[in-house]
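In: Here is my input, please return the structure:
(chains A and B)
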2 protein chains.
Amino acid sequence: MNATFNVLQDALIVQEVAPRDGLQIEPTWVDTVDKIALIDQLSGAGFSRIEAGSFVSPKAIPALRDGDAVFHGIRRNRDVIYVALVPNVKGAERAVAALADELNLVMSASQTHNRANMRMSCEQSLVGFGDIVSLVRGSHVSLNGTVATAFGCPFEGAIDEDRVMAIVDTYLELGLQGITLADTTGMANPRQVARIVGRALERLGPDALTLHFHNTRGLGLANVLAAYEAGARRFDAALGGLGGCPFAPGASGNICTEDLVNLCDEMGIPTGIDLVKLLELSRALPALLGHEVPGQLAKAGRNCDVHPVPDYVRSIV
Amino acid sequence: MNATFNVLQDALIVQEVAPRDGLQIEPTWVDTVDKIALIDQLSGAGFSRIEAGSFVSPKAIPALRDGDAVFHGIRRNRDVIYVALVPNVKGAERAVAALADELNLVMSASQTHNRANMRMSCEQSLVGFGDIVSLVRGSHVSLNGTVATAFGCPFEGAIDEDRVMAIVDTYLELGLQGITLADTTGMANPRQVARIVGRALERLGPDALTLHFHNTRGLGLANVLAAYEAGARRFDAALGGLGGCPFAPGASGNICTEDLVNLCDEMGIPTGIDLVKLLELSRALPALLGHEVPGQLAKAGRNCDVHPVPDYVRSIV
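Out: Numbers count the residues shown, from 1 in each chain, chains lettered A, B, ... in the order given. Okay, the predicted model is just below:
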């Protein structure tokens, strides 16, 4: 653990993904104006990167069918990079027209998952990525490539790490500037994370590598720390711990932004994010979405939020 | 992180505390026969230590008022040490009469918390501990001392680490064989844990030190890994993640046993505990208690529980 604390001055960059990965599986429709308000409030809380929506078929993800209106409606903060997830060149054209700063292209390391998720083979996905590279060439739009199911697949089980690294290499050869390794259904463990992050950082710098963890099996923040110790500095997280996996009803979703920022604050790792603002935003989610959310800090409060002394406590230990 | 994996062959010992720390705050009465059945099923799942109940005033903790009957009713497994929590010499007498193998004495590092929790000062607690040491002298009953609020107090905030170490020294001077450092309301962070565990292990061996973490702010398993890397080997955990803090409604309780064992299984850390049996027991808790429980693995399943491929997945990343 000591190795961590030699590099504590290194800031941890949080990319907020609730507007995309959080809202995409919500059964309740969130109005466009409410999506825009959420993104604008997030952009005032100190994030440098927000994944603000996706440009996917409205039949596939009806909850995000208003991506164009959302991107046109937000109040642009010059300190924030607004990212759009796109599955194919058609989505990329819409995202560019909506003035997304960065496109996040997604393919699964697992062929089975890519076919189920994207309705195409990995080879077909890569051909599409090549078309997107051509589309944005010469523009200011940057490209990030996500390797979904990089730490395990809910259908295939374990994923060969060499295959993940080969995809990273392919993405870099295609000209993608950033790479995200995604633990789509929360199967990663800290030992595996340290190993894979180490291999990825042989290929690209910490400014170009993002880790995307889900807390499906309760290991999300432990995986963040393992990745951080291995040199990673950029992490996706979702306000309230929104998001999730359709195969694990009741299980947690993405790692929770405010729980992560609290961890960083307590450990002295700078993030630049205002935790008090985050807690306000998180505590408004149940009213917006009609259900409780998995994040812990919004229920427990910060360590510094001390309680009045009661007559008697029934906790013992 | 590499430091971890040089010592991966070191087993991690889980003390199951659901029958005590989990059930004590449950509003629904759990019948004595059901408590006995739970403990007997746990003792068949590979645990070497189970905190099976407490001998506290029935007015203080009515949910555990049948401690005597529970300890007399369980089927003793010779491989299991059955621990009883006791707050004072009267409780110790009852626990000894009920044939507890080990007594767990509790005092808070925070004077304010000890007064609220135990209705006495720390000095009065220590006088009582001296009486308990005299009571069990020459018997086969062993004694463990817990330092509650060792990582923070919900009333006082931060707790001086020197004070925690002074209490550890006092416990050892009194003749207590084991020490538990308890993060009673989930305020610990991995950096602090590594530091405090390091200081504790200057005073006692890893076989005598237990860490008791709550997942109140989502950091429970990250704290376990930090403690493990710092040399700790014994951890309390509760089936289903039962337990909790009366000041954080809806927040998680103790770290969840099956989530911890899954982490260990995935990382190659031996525990000797049968995860399949644990999952069966955890999945029976909602019916026993009348509510969902915080543990994640029981909802998500193990990594190796792969899913059939659906027509379409709406998760994307």
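In: which is the next helix or strand following the one helix or strand residue A:37 maps to?
Out: Under the criterion DSSP states H and E, the helix or strand holding residue A:37 is helix A:32-43. Where DSSP H and E defines the elements, the next helix or strand beyond helix A:32-43 is strand A:49-54.
In: Okay, and the beta partners of the most centrally placed residue in chain A?
Out: Nearest residue to the geometric centre of chain A (CA atoms, centre = their mean): residue A:236, 3.1 Å. Beta-bridge pairing for residue A:236 (DSSP bridges): residue A:15, residue A:212.
In: returning to what we had before: run the angle between the helix holding residue A:37 and strand A:49-54 for me.
Out: 170 degrees (axes from the mean of the first three to the mean of the last three CA atoms, to 10 degrees).
In: So which residues make contact with helix A:32-43?
Out: A:16, A:18-19, A:23, A:50, A:52-53, A:66, A:69-70, A:73-75, A:77, A:79-80, A:82, A:239, A:277, A:281, A:288 (CB atoms under 8 Å, 6 or more residues apart in numbering or on different chains). Where C-beta positions appear, they are placed from N, C-alpha and C, glycine not excepted.
In: before we move on, back to that, so the residue nearest to the centre of chain A sits right up against residue A:15, yeah?
Out: Yes: using CB atoms under 8 Å as the test, residue A:236 is close enough to residue A:15 to be in contact (5.0 Å).
In: Can you pull the residues that touch both of these two?
Out: Between them, residue A:236 and residue A:15 share the contacting residues A:51, A:210, judged by CB under 8 Å, 6+ apart.
In: Measure how buried the nearest residue to residue A:266 once chain neighbours are set aside is and give me the count.
Out: The shortest distance from residue A:266 to any non-neighbouring residue, by CB to CB, 6 or more residues apart in numbering or on different chains, is to residue B:189 (3.9 Å). As a burial measure, residue B:189 scores 25 neighbours (other CB atoms under 10 Å in any protein chain shown).
In: Buried ones only from the contacts of helix A:32-43, please, as a PyMOL command.
Out: Paste this into PyMOL to select the buried members of these, with burial taken from 16 or more other CB atoms under 10 Å in any protein chain shown:
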select buried, chain A and resi 16+18+19+23+50+52+53+66+70+73+74+77+80+82+239+281+288
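In: Out of the contacts of helix A:32-43, list just those in helices.
Out: A:69-70, A:73, A:277, A:281, A:288 (DSSP state H).
In: In three-state terms, label residue A:286 for me.
Out: The assignment at residue A:286 comes out as helix when based on DSSP: H, G, I helix; E, B strand; the rest coil.
In: Which of the three states applies to the closest residue in space to it that isn't next to it in sequence?
Out: Nearest residue to residue A:286, sequence neighbours excluded (CB to CB, 6+ apart): residue A:292, at 5.6 Å. Assigned by three-state DSSP, the conformation of residue A:292 is coil.
In: who touches the residue nearest to the centre of chain A in this structure?
Out: When contacts are counted by CB under 8 Å, 6+ apart, residue A:236 is found next to A:14-15, A:17, A:21, A:51, A:180, A:182, A:210-213, A:254-255.
In: wait, doesn't the residue nearest to residue A:266 sit right on residue A:264?
Out: No: using CB under 8 Å, residue B:189 is not in contact with residue A:264; the gap is 9.3 Å.
In: how about low-confidence regions in chain A?
Out: Low-confidence segments of chain A (pLDDT under 70): A:1-9, A:246-249, A:311-317.
In: residue ranges of the helices in it, please?
Out: A:2-5, A:32-43, A:67-73, A:89-97, A:111-118, A:122-136, A:161-174, A:190-200, A:220-229, A:257-267, A:275-283, A:285-289, A:297-300.
In: So the last one, near chain B or not?
Out: So the one you mean is helix A:297-300. Yes: residues of helix A:297-300 are located near chain B by CB under 8 Å from any CB of the partner chain, namely A:297, A:299-300.
In: Filter those down to the buried ones and hand me the ChimeraX line.
Out: Listed next is the ChimeraX selection for buried residues among the residues of helix A:297-300 next to chain B, using 16+ other CB under 10 Å:
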select /A:297,299,300
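In: okay if I get the residues of helix A:297-300 next to chain B as a markdown table plus distance to residue A:95?
Out: Listed next are the residues of helix A:297-300 next to chain B as a markdown table, based on distance: CB to CB, whole Å:
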| residue | distance to residue A:95 |
| --- | --- |
| A:297 | 32 |
| A:299 | 36 |
| A:300 | 37 |
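In: Contact partners for residue A:188?
Out: A:151-152, A:213, A:219, A:223.
In: Let me know the distance separating it from residue B:160.
Out: Note on residue A:188: its distance to residue B:160, by CB to CB, to the nearest Å, is 37 Å.
In: Tell me the spacing between the nearest residue to residue A:50 once chain neighbours are set aside and chain B.
Out: Leaving aside its chain neighbours, residue A:50 sits nearest to residue A:16 (4.8 Å; criterion: CB to CB, 6+ apart). Applying CB to the nearest CB, to the nearest Å, the value for residue A:16 to chain B is 14 Å.
In: Report whether the expected contact of residue A:16 with residue A:239 is present.
Out: Yes: because the distance of 6.5 Å satisfies CB under 8 Å, residue A:16 is recorded as touching residue A:239.
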